[in-house]
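Participant: Only the shape, not the letters, is given here:
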């Protein structure tokens, strides 16, 4: 059974940092796209960042404009884990953050392109 388990969420003041982790089990995702999405109360789930597979030992990443330059996505294939380092956090970053993984090598920001989802971890940024 495939599971994605997020951790690292919490309460932080504006300007602070958090590091989210997503540990996958049940299969390996080293050749698949993994992503982070978030959902604030009353809003739709939105794309945050995604990271692809290794190409000549380089992992390509893509970020939403709202987090570009503040968030960094990375992965450790040996641990089957993806991370999201979040710096310079703002109150508008408050949301439940979800980890997602694709079955194949999709390169897409749409949530429906991802096949596996974690339960989410709450991130709250106070002003």
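Facilitator: Thanks, I have the structure now. Fair warning: this is a prediction, and the values are worked out from it, not measured in the lab.

Participant: Can you list the low-confidence ranges for this protein?
Facilitator: Residue ranges of the chain with pLDDT under 70: none are present.

Participant: Go again with 90.
Facilitator: Within the chain, the ranges that satisfy pLDDT under 90 run 29-31, 53-59, 77, 104-106.

Participant: Neighbouring strands - and their directions - for the host helix or strand of residue 61?
Facilitator: For residue 61, the host element (DSSP states H and E) is strand 58-63. When pairing is defined by DSSP bridges, strand 58-63 lines up against strand 46-55 (antiparallel).

Participant: ok, the residue nearest the centre of the chain - contacts?
Facilitator: Nearest to the geometric centre of the chain sits residue 36, at 2.3 Å (C-alpha atoms, centre = their mean). Applying C-beta atoms under 8 Å, 6 or more residues apart in numbering, we find residue 36 in contact with 20, 22, 48, 49, 50, 73, 82, 84, 97, 98, 99, 100. Every C-beta, even on glycine, is put in place using the N, C-alpha and C of the backbone.

Participant: Swap in 6 Å and give it another go.
Facilitator: 48, 49, 84 (C-beta atoms under 6 Å, 6 or more residues apart in numbering).

Participant: Rebuild these as TSV, extending it with distance to residue 4.
Facilitator: Listed next are the contacts of residue 36 as TSV, based on distance: C-beta to C-beta, whole Å:
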residue	distance to residue 4
48	15
49	15
84	13
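
Participant: Strands of this protein, start to end?
Facilitator: 3-7, 10-13, 18-25, 34-39, 46-55, 58-63, 71-76, 81-86, 95-101, 116-117, 121-126 (DSSP state E).
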